[in-house]
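Student: Fold the following and give me the result.
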Amino acid sequence: FQVQPENRKTIWNREEVPEGSEFDDTWDPREQPEYQILFKQCVGTEDVFFGMSRKDPSTACCEDMVIKIKLPETKYSDITLDIQDKVLDLRTPQKKLLLHLPYRVDSKNAKARFLSEEETLEVTLRVSRMFDFINFL
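Tutor: Okay, here's the model as predicted:
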């Protein structure tokens, strides 16, 4: 094992800079919309009545993360949404949301739908954790 010498002129190491910080823009005057992060899990009768699986009500046993973002006076065509493995970046003409997600997600299979009567964007993300193949057989 050989350690690479550090460049003495660098201020931070790559590990110290959080993922998604390249999206952050402190000079952007747009306000942040209201949002909620909810968690979903698939349960069957064997989970609810018999307790046969190892699932519990905690977020560690949830398969999906649902983010509901209130976007009043916004049209669907005005929304720009970029989802990375740990970051959700949403932009509209009036609002901006840069959200560092609590869990790593499968960004390739994300789903979003705009509920125009509620003026809410609902983004569903599949949580991607290590050892989920053991927990969710």
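Student: I69 and K96 touch, don't they?
Tutor: No. Distance between I69 and K96: 11.1 Å, which falls outside the contact criterion (C-beta atoms under 8 Å). For glycine as for every other residue, the C-beta is placed from the backbone atoms N, C-alpha and C.
Student: By mean pLDDT, flag the weakest helix or strand of this protein.
Tutor: helix 132-135 (a mean of 54; mean pLDDT, DSSP states H and E).
Student: and for I69 and K96, which residues touch both?
Tutor: Each of L90 lies in contact with both I69 and K96 under the rule C-beta atoms under 8 Å, 6 or more residues apart in numbering.
Student: who's more crowded, those two?
Tutor: Using other C-beta atoms under 10 Å, the more surrounded residue of I69 and K96 is I69, with 25 against 18.
Student: got the contact list for that one?
Tutor: P33, E34, Y35, L90, L97, T120, L121, E122, V123.
Student: Quickly find the element holding the last one.
Tutor: Of the helices and strands defined by DSSP states H and E, V123 is found in strand 120-126.
Student: what sits against the nearest residue to T80 once chain neighbours are set aside?
Tutor: Distance criterion C-beta to C-beta, 6 or more residues apart in numbering; nearest residue to T80, sequence neighbours excluded, is R91 at 4.5 Å. Applying C-beta under 8 Å, 6+ apart, we find R91 in contact with R30, I79, T80, L97.
Student: export those residues to CSV and tack on secondary structure and neighbour count?
Tutor: Supplementary listing: the contacts of R91 in CSV, determined by DSSP: H, G, I helix; E, B strand; the rest coil; neighbours: other C-beta atoms under 10 Å:
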residue, secondary structure, neighbour count
R30, coil, 13
I79, coil, 17
T80, strand, 10
L97, strand, 20
